[in-house]
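Undergrad: sequence first, predicted model second:
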Amino acid sequence: MKLSENTFTAEIRGNVFCLFEGIERMTEYSEDRIDISTKKGVITVTGTNLKLIYYSEDRIGIRGIILSITFGGTEC
């Protein structure tokens, strides 16, 4: 099911997995940083050994040791 155009959701499981729905695109990808663009701003996930579990038109799943998640420059 595709989310409404203005909807964004995040699911975080501990410090090892996160899922974002309602994304526009990934703008940076390395094993210690992933930047994701949404209509509402940019999400930055930092950590170690970050891997994309899946990446589709509007969803991204990330696994690794997640140290921080920021949204628009503000830590979540």
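TA: It's in.
Undergrad: run the chain-centre distance for the helix or strand containing C18.
TA: Here C18, judged by DSSP states H and E, is contained in strand 17-21. With C-alpha atoms, centre = their mean, to the nearest Å as the basis, strand 17-21 stands 6 Å off its chain's centre.
Undergrad: C-terminal to it, what's the next element?
TA: Strand 17-21 is succeeded, C-terminally, by strand 23-29 (DSSP H and E).
Undergrad: quick revisit: give the pairing partners of the strand holding C18; include direction for each.
TA: strand 9-13 (antiparallel), strand 59-71 (antiparallel) (DSSP bridges).
Undergrad: output these as JSON lines; include the columns mean neighbour count.
TA: Backbone N, C-alpha and C define where each C-beta goes, glycine included. Output for the strands paired with strand 17-21, formatted as JSON lines (neighbours: other C-beta atoms under 10 Å):
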{"stretch": "strand 9-13", "mean neighbour count": "12"}
{"stretch": "strand 59-71", "mean neighbour count": "17"}
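Undergrad: returning to that earlier point: what's the strand holding C18 in contact with?
TA: 3, 7-12, 36, 38, 43, 45, 53, 58-63, 66, 69 (C-beta atoms under 8 Å, 6 or more residues apart in numbering).
Undergrad: hmm, G22 and T7 touching each other?
TA: Yes - using C-beta atoms under 8 Å, T7 makes contact with G22 at a distance of 5.0 Å.
Undergrad: please name the nearest non-neighbouring residue to M26.
TA: Excluding the flanking residues, the one nearest M26 by C-beta to C-beta, 6 or more residues apart in numbering is I36, at 5.5 Å.
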